[in-house]
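Novice: Got a predicted structure here, sequence first:
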Amino acid sequence: MDIKSNADAGSRRGNSDWFTGIVWQEPIVEAPEPARVRAAMVTFEPGARTNWHTHPLGQTLHVVSGAGLAQVWGEPIRDLRAGDTVWIPPGEKHWHGAAPTVRLTHIAIHEALDGVHVDWLEKVSDEQYSGG
Ligand code: MN
């Protein structure tokens, strides 16, 4: 058994290659193989969002607080509110992030396939983010 103390936990700044704006990630589940589930608490400052991306085995998002946006490639932008739970199927191209003026915190849960839990794609442009 391994108990990770909250005192050792830290927020990691989201890599700017994969995120636009300021994003903080706090790991919840980083169990070693053969476990493959991963979970993290992710906070997006207003306007911040992921790049477009896919998950090989899908992803569940549970919105803890704030308000956000999410979009599947080729579909309209959807609103996210505290308490919402989102399922993104394997291979579906999408992004998620904060609303323009409100922070978003969600828990992200996904499984790794051959060690990979996300395949990153291009940035979400300001025009795409604003629904253009
Ligand atoms: Mn995702």
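Specialist: Cool, the structure landed.
Novice: How about the contacts made by the nearest residue to residue 22 once chain neighbours are set aside?
Specialist: In space, and not counting its chain neighbours, residue 22 is closest to residue 45: 4.1 Å by Cβ to Cβ, 6 or more residues apart in numbering. Where C-beta positions appear, they are placed from N, C-alpha and C, glycine not excepted. For residue 45, the contacting residues are 21-23, 98, 103, by Cβ atoms under 8 Å, 6 or more residues apart in numbering.
Novice: Just put the residues you listed in CSV and tack on pLDDT and secondary structure.
Specialist: What follows is these, written out as CSV (pLDDT from 0 to 100; DSSP: H, G, I helix; E, B strand; the rest coil):
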residue, pLDDT, secondary structure
21, 98, coil
22, 98, coil
23, 98, strand
98, 98, strand
103, 98, coil
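Novice: Distance to residue 36 and neighbour count added to these, as TSV?
Specialist: Formatted as TSV, the contacts of residue 45 follow (distance: Cβ to Cβ, whole Å; neighbours: other Cβ atoms under 10 Å):
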residue	distance to residue 36	neighbour count
21	29	16
22	29	16
23	23	23
98	28	25
103	30	18
